[in-house]
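**Student:** this one's structure only:
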């Protein structure tokens, strides 16, 4: 059951990532990318990495991709305004693509079927373990991060706030 | 650790002062707090520090020396800031607070004992600088500087983080000592992941300190930012960046000398030539200083190339000399720009007649930056070159000397403008704070030049 689910999700990941590249409309591209990230989230859940799954879901799918989508809509890119690609770019693209293909073929040669991943400890990716490490060994970086967030907050307000006095 | 806590609390106190409109108290409180942090750092000297908080931080002599010089330079810069921020907007307290937060990040950066701390320290510092670069909200150059710095900085952080990840993948630890243990115990079978991580780390840190070919952001960002912030970026931040760079190489990567040497050599030579030759063609004093700061990054790379116990000393002396001299240059630039509204070399014409003291201190600074004997800059260059010579990098020294000669040419242009070109001008008003900073910095530069033993035998 789990294996067939994996293959289904893996197929969907590859399918949607290919769709990201092939769709003409950039907004569709971003939407496909969001779906691709969603399939990644399912992969993480299958691997029992709950924390990564949640972070991937909230941060990548939720925050970053939606931001990206808004930005694209604001930029108003569509097929008409797409700049013409010069021949030089096309040649460079072909060369780069061929190099990538050769690399992929080369790495395929050393491919072999690996043993299915067996987790040494079943609860490796749980939030509970992360919390334990974060509040014992990595307590200082965790606390110092608060300075980082405070700076970001103060700075964002400082830059976004309207100046009342002009000189 | 005490220094870090003091700085963090100080920044929050300053924010509250801003909230309660205590404008007059801002500078004294900041100065007092920084002095306290400096004192707390200095008393940790030779205290045989051990890594604290499960190996996250190690406040050893290295950390003490570099935190102290960074805090001291910031104090000099903030003394000059009297009446400077008020002209930009009324949110003065926030500017002070962000500078102090950046200093807290710098303290983390120079005392890290774990790569996660390095990352967080660099991020705190960089984030503060992205904001500071853009505080002139209505000025396009400032906006451009902030955006450019943010994009390039975020990009380079990606490299740094990827490098750290690969190092973790190879060694299984973020701890510097365990990485060192890994390098020592596997001299022949070091994982390729490790090499990849090391290269990415060099790229990430190279971006942060602005060495070629990762220096492209530096001139635009330094020129677009408000001059005082440029002074902060090109002195304190550069010192901290090199301290972080040196620390990880000194502790972890010294045995892999043969691997990272060639790329760093190429980077150094490229930095020297690009920095110096481009500086030659500048007509703006500020832009010349930004390129000269790129070239000084090249000189400081010498210490990493000739890695050894002497290199800490060399970087420390060089960074001190360079920071102090740059602070003079930027302070004078602020005053001249305030009067003439331009930062070209021509706006310095005839300064010596009207403001002999200011012209003299700027001359001392320029001589120090050029590396003329009897100034601190000479001692810095001397220590850098002698450490490289001890490793038999003869041709590197030859190239560096050629660059130093090019440097003398453009540094003396402003001196020539001040003393030998006449122009109708009125006296540039200088506040007592400026006088104190200029005098103190010039005295330090000359004392270090005549009697370098004060700080050159610390380690």
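**Tutor:** Noted; the coordinates are in hand. Fair warning: this is a prediction, and the values are worked out from it, not measured in the lab. Residues are numbered from 1 along each chain as shown, chains lettered A, B, ... in the order given.

**Student:** can you pull the contacts of residue 10?
**Tutor:** Defaulting to chain A. residue A:43 (C-beta atoms under 8 Å, 6 or more residues apart in numbering or on different chains). To be clear about C-beta, it is placed using only N, CA and C from the backbone, and glycine gets the same treatment.

**Student:** hmm, I had chain B in mind actually
**Tutor:** The contact partners of residue B:10, by C-beta under 8 Å, 6+ apart, come to B:29-30, B:33-34, B:36-37, B:100.

**Student:** which of these fall in helices?
**Tutor:** Among the contacts of residue B:10, the ones falling in helices (DSSP state H) are B:29-30, B:33-34, B:36-37, B:100.

**Student:** now those residues in TSV, with distance to chain A?
**Tutor:** Shown next, in TSV, are those (distance: C-beta to the nearest C-beta, whole Å):
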residue	distance to chain A
B:29	17
B:30	15
B:33	15
B:34	16
B:36	18
B:37	14
B:100	10
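
**Student:** contact residues of chain A facing chain B?
**Tutor:** Within chain A, the residues that sit near chain B (C-beta under 8 Å from any C-beta of the partner chain) are A:136-141, A:144-145, A:147-148, A:150-152, A:154-155, A:158-159, A:161, A:163-165, A:167.

**Student:** now with 6 Å, please.
**Tutor:** Contact residues (C-beta under 6 Å from any C-beta of the partner chain) of chain A with chain B: A:137, A:140-141, A:144-145, A:147-148, A:151-152, A:154-155, A:158, A:163, A:165.

**Student:** just the buried ones from those residues?
**Tutor:** Using 16 or more other C-beta atoms under 10 Å in any protein chain shown as the burial test, the residues of chain A next to chain B include A:137, A:140-141, A:144, A:147-148, A:151-152, A:154-155, A:158 as buried.

**Student:** how much space between the residue nearest in space to the middle of chain A and residue B:166?
**Tutor:** In chain A, the C-alpha closest to the average C-alpha coordinate belongs to residue A:60, at a distance of 5.5 Å (C-alpha atoms, centre = their mean). Computed as C-beta to C-beta, to the nearest Å, the residue A:60 to residue B:166 distance reads 21 Å.

**Student:** and for residue B:271?
**Tutor:** According to C-beta to C-beta, residue B:271 stands 25 Å off from residue B:166.

**Student:** now swap in residue A:49 and tell me
**Tutor:** Separation of residue A:49 from residue B:166 (C-beta to C-beta) stands at 20 Å.

**Student:** and residue A:124, how many neighbours?
**Tutor:** By the criterion of other C-beta atoms under 10 Å in any protein chain shown, residue A:124 has 12 neighbours.

**Student:** is it in a helix, a strand, or coil?
**Tutor:** coil (DSSP: H, G, I helix; E, B strand; the rest coil).

**Student:** please tell me how far it sits from residue A:133.
**Tutor:** Per C-beta to C-beta, residue A:124 is found 11 Å from residue A:133.

**Student:** for the residue in the stretch 1-150 of chain B that chain A sits nearest to, give its distance to residue B:101.
**Tutor:** Taking C-beta to the nearest C-beta as the measure, the point where the stretch 1-150 of chain B comes nearest chain A is residue B:131, at 3.5 Å. Remark: distance between residue B:131 and residue B:101 (C-beta to C-beta) = 9 Å.

**Student:** next: residue B:448.
**Tutor:** Using C-beta to C-beta, one obtains 30 Å as the distance from residue B:448 to residue B:101.

**Student:** so between those two, which is more surrounded?
**Tutor:** Set residue B:448 next to residue B:101 and count neighbours by other C-beta under 10 Å: residue B:101 wins out with 29 against 25.

**Student:** and residue B:271 and residue B:166? Which one has more around it.
**Tutor:** For residue B:271 and residue B:166, the more surrounded residue by other C-beta under 10 Å is residue B:271, and the numbers stand at 27 against 21.

**Student:** you'd agree the more buried one is up against residue B:213?
**Tutor:** No. Using C-beta atoms under 6 Å, residue B:271 makes no contact with residue B:213, being 8.5 Å away.

**Student:** just give me the neighbour total for whatever residue of the stretch 351-459 of chain B ends up closest to chain A.
**Tutor:** At 17.9 Å from chain A, residue B:429 is the closest residue in the stretch 351-459 of chain B, using C-beta to the nearest C-beta. A count of neighbours around residue B:429, defined by other C-beta under 10 Å, yields 10.

**Student:** before we move on, what about residue A:67?
**Tutor:** Neighbours of residue A:67 under the rule other C-beta under 10 Å: 10.

**Student:** checking my notes, it in a helix, right?
**Tutor:** Yes. Judged by three-state DSSP, residue A:67 forms part of a helix.

**Student:** the closest residue to residue B:69 other than its chain neighbours: which element?
**Tutor:** Excluding its sequence neighbours, the residue lying closest to residue B:69 (C-beta to C-beta, 6 or more residues apart in numbering or on different chains) is residue B:320, at 5.4 Å. Element membership for residue B:320 (DSSP states H and E) is helix B:309-340.

**Student:** list the helices and strands that helix packs on?
**Tutor:** When contacts are defined as 3 or more C-beta pairs under 6 Å, 6 or more residues apart in numbering or on different chains; DSSP states H and E, helix B:309-340 packs onto helix B:61-80, helix B:227-232, helix B:238-248, helix B:285-305, helix B:356-370, helix B:376-390, helix B:432-450.

**Student:** which one of those helices lies closest to residue B:316?
**Tutor:** For the helices and strands packed on helix B:309-340, proximity to residue B:316 was assessed by C-beta to C-beta; helix B:61-80 is nearest, at 5.5 Å.

**Student:** which other residues reach that closest one?
**Tutor:** The contact list for helix B:61-80 (C-beta atoms under 6 Å, 6 or more residues apart in numbering or on different chains) reads B:3, B:34, B:37-38, B:41-42, B:44-45, B:103, B:106-107, B:110-111, B:231-232, B:235-236, B:239-240, B:243, B:312, B:316, B:320, B:323, B:327, B:331, B:433, B:437.

**Student:** model confidence over that helix, on average?
**Tutor:** Mean per-residue pLDDT for helix B:61-80: 93.

**Student:** what of stretch B:306-320?
**Tutor:** 87.
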